[in-house]
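Asks: Predicted model and sequence follow; I will ask about them next.
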Amino acid sequence: MSILFKIAWRNIVRNRRRSLMTASAVAAGALAMLLFLGYTTYIFLGMETGNVQRLGHLRVFRAGYFLYGAGNPSAYGIDGYREVIKLIGGDATLRPLIRVLTPTQSLMGIAANYSGDNAASRTFLGEGLVPSDRDRMRRWDPYGTGNVFRADPRISDSDENRGLIGGGLARILNLCVPLHLADCPPPPATPHAADHGKVDPDIAELAQRDVAPRRAAGAVEIDLLAATVGGAPNVVSLSVAGAQPQGVKELDDAYVLMHLALAQQLVYGRSEHKVTAIVLQLHRSTDMSAARARLEALFRAQHLDLEVRDFAELTPFYGQVIRLFSSIFLFIALVMGMIVLFAVVNTMTMNVMERTNEIGTSRAMGVRRSGIRLQFLIEGALIGAVGTAVGATLAILIATAVNHSGITWLPPGNAIIVPLHLNVLGRPLFALGVCVGLVLVATAAALLPANRAARLRVVDALRHV
């Protein structure tokens, strides 16, 4: 076998220009596929990291919430959620897998700013959580994406009345100046400026009566109105510590983040305080299936009417992006595969034509048809291996240069600019599969010319001019 490799290598070197052009086509295919693979890996890992930091790996809901609870979160609260948290955290199987275990409350209502002549209101989508748990979740980054958030000093466990709002909601409620927000132009003058921003007088009176005694001088506060579980209106005052832009405009124009205790006070009033979900953030995403199976078994054993959803189910956009980029990668792979296929077929066909006399001589000396076929297949494999090695090396060098260049960009759905990375080696088995696949394509492309060479008659080959 070693002699066949030596002969194949000498034949490749003998036709340097032709072999170089063919290997260059293979290298270009490997370079394009590996660079796009590195980009998609970066996108996938970045989206997973962002979703896990925000939503956790798994969320426990009351049965039915996922399909129907968004319209009335308070009706799908988890009864005795503290006992459920103790049950989950005390399980011997789940305990070593869990990094953060925390409750959260979703709510909706009307947010209003009644300060002076800048009165304005807007429906909001709120989330109540434990600030310290949120800070811990935002530091999850096992893939080394660099998208790690520092502890946010604007909200804390000790101050239940402070919260954050979306940048768009701050603009709508005319809070750009009090919050010192940049890129937030003042509203244009309108013919009915005197009536602009007026809210329902009953709501304004209710809010003023409920929260006016608690307003501090110079504080930036908004009033939140929501219906309690019993259907009665309830109002609380939220001290706005700052704005937190969201990646989606619809969410940015309605988002309110507050302490869990304040959200529970608004939704449940004097009734039993519940939560919408219990969030589990794991140390590793690979443990998600095992943790989910254990949770479901635990709830069945305890006869709890609860369901478990992962972050991919909660954010369909994540799955859509993965399918989109996977389809693009498949298209690129098919195009590059066809280029490599035709380049190798053309090269090996020319080799067969030029070496017809040599083939006849080898056959006359006793070399079997399988030996001739194997020789050309080895040549195709060597060309593919050399081209793939060169392409993979260039891909790693280019990715390293890009990763250290400091290039930044704003990904879809993000509110902050992040560094651009090409994670070529992020999925080593996939990268190895790309390289092996190109070598196999080059080898398969040599099969047709190799069969043609093996079928040549000895007499015709010897007298070929």
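Replies: It's in. Residues are numbered from 1 along each chain as shown.
Asks: Quick one: low-confidence residue ranges for this structure.
Replies: The chain contains residues with pLDDT under 70 at 1, 116-118, 189-218, 363, 412-413, 415, 459-465.
Asks: Walk me through the domains of it.
Replies: Following automatic domain parsing, the chain resolves into domains at 2-48+319-462, 64-304.
Asks: now those in TSV, with mean neighbour count and distance to Glu313?
Replies: No exception for glycine: its C-beta is placed from N, CA and C like everyone else's. Shown next, in TSV, are those (neighbours: other CB atoms under 10 Å; distance: least, CB to CB, whole Å):
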stretch	mean neighbour count	distance to Glu313
domain 2-48+319-462	18	9
domain 64-304	17	7
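Asks: could you dump these to TSV with distance to His57?
Replies: Shown next, in TSV, are the domains of the chain (distance: least, CB to CB, whole Å):
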stretch	distance to His57
domain 2-48+319-462	10
domain 64-304	5
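Asks: Tell me which of these approaches Leu55 most closely.
Replies: With CB to CB as the criterion, Leu55 lies closest to domain 64-304 of these, at 7.2 Å.
Asks: closest to Ala312 out of the domains of the chain?
Replies: Closest to Ala312 of the domains of the chain is domain 2-48+319-462 (CB to CB; 5.6 Å).
Asks: mind checking the end-to-end distance for stretch 71-78?
Replies: 16 Å (CA to CA, to the nearest Å).
Asks: One more: stretch 139-159?
Replies: For stretch 139-159, the end-to-end distance is 22 Å (CA to CA).
Asks: what separates that stretch from the chain centre, distance-wise?
Replies: Stretch 139-159 sits 18 Å away from the centroid of its parent chain (CA atoms, centre = their mean, to the nearest Å).
Asks: Need the contact partners of it.
Replies: 42, 45-46, 48-50, 52-53, 99-100, 130-132, 134-135, 138, 162-164, 239, 241-242, 257, 259, 281, 283-285, 418-419, 421, 426 (CB atoms under 8 Å, 6 or more residues apart in numbering).
Asks: Okay, strands next: where are they in this protein?
Replies: Assigned by DSSP state E, the chain shows strands spanning 58-62, 98-113, 120-129, 162-165, 221-227, 233-243, 255-259, 277-282, 306-310, 408-409, 418-419.
Asks: Which elements pack onto the last one?
Replies: Contact analysis of strand 418-419 by 3 or more CB pairs under 8 Å, 6 or more residues apart in numbering; DSSP states H and E lists strand 408-409 as its packing neighbours.
Asks: Okay, now the sheet partners of the strand it packs on, with direction.
Replies: Here strand 408-409 has these sheet partners by DSSP bridges: strand 418-419 (antiparallel).
Asks: Now the phi/psi pair for Gly90, please.
Replies: Per-residue torsions, Gly90: phi -90, psi 0 (degrees, to the nearest 10).
Asks: My guess is Gln265 contacts Ser237. True?
Replies: No: counting by CB atoms under 8 Å, Gln265 stays clear of Ser237, with 10.8 Å between them.
Asks: what do the two both touch?
Replies: Common contacts of Gln265 and Ser237 (CB under 8 Å, 6+ apart): none found.
Asks: Ala454 versus the closest residue in space to Ile7 that isn't next to it in sequence, what's the distance?
Replies: Spatially, and ignoring its direct neighbours in sequence, Ile7 is nearest to Gln375 (6.3 Å; CB to CB, 6 or more residues apart in numbering). Using CB to CB, to the nearest Å, we find Gln375 at a distance of 9 Å from Ala454.
Asks: okay but Gly166 is in contact with Asp253, surely?
Replies: Yes: using CB under 8 Å, Gly166 is in contact with Asp253, at 6.4 Å.
Asks: which residues touch the residue nearest to Ile7?
Replies: With contact set as CB under 8 Å, 6+ apart, Gln375 has these partners: Leu4, Ile7, Ala8, Ala450.
Asks: how about a cut-off of 10 Å?
Replies: 3-5, 7-8, 11, 355, 359, 362, 367, 446, 450, 453-454 (CB atoms under 10 Å, 6 or more residues apart in numbering).
Asks: same check, this time on Arg373
Replies: By CB under 10 Å, 6+ apart, the contact list for Arg373 reads Ala446, Leu447, Pro449, Ala450, Asn451, Arg452, Ala453, Ala454, Arg455.
Asks: got it, and Arg54?
Replies: Applying CB under 10 Å, 6+ apart, we find Arg54 in contact with Glu127, Arg134, Met137, Arg138, Trp140, Val279, Phe311, Leu314, Thr315.
Asks: Serialize those to JSON lines and add fields for distance to Ile396.
Replies: As requested, the contacts of Arg54 are exported to JSON lines (distance: CB to CB, whole Å):
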{"residue": "Glu127", "distance to Ile396": "42"}
{"residue": "Arg134", "distance to Ile396": "37"}
{"residue": "Met137", "distance to Ile396": "33"}
{"residue": "Arg138", "distance to Ile396": "31"}
{"residue": "Trp140", "distance to Ile396": "27"}
{"residue": "Val279", "distance to Ile396": "38"}
{"residue": "Phe311", "distance to Ile396": "31"}
{"residue": "Leu314", "distance to Ile396": "36"}
{"residue": "Thr315", "distance to Ile396": "32"}
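Asks: wait, isn't Ser121 in contact with Ala254?
Replies: No: applying CB atoms under 10 Å as the test, Ser121 and Ala254 come out as separate, 11.7 Å apart.
Asks: Mutual contacts of these two, please.
Replies: With CB under 10 Å, 6+ apart as the test, Ser121 and Ala254 both reach Ala111, Ile172.
Asks: just the helices in the stretch 151-300 of the chain please.
Replies: In the stretch 151-300 of the chain, helices defined by DSSP state H, counting those that start in this stretch lie at 167-172, 201-211, 249-252, 260-268, 288-301, listed in chain order.
Asks: got TSV for the ones you listed, with distance to Val220 too?
Replies: Formatted as TSV, the helices of the stretch 151-300 of the chain follow (distance: least, CB to CB, whole Å):
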stretch	distance to Val220
helix 167-172	9
helix 201-211	13
helix 249-252	18
helix 260-268	16
helix 288-301	40
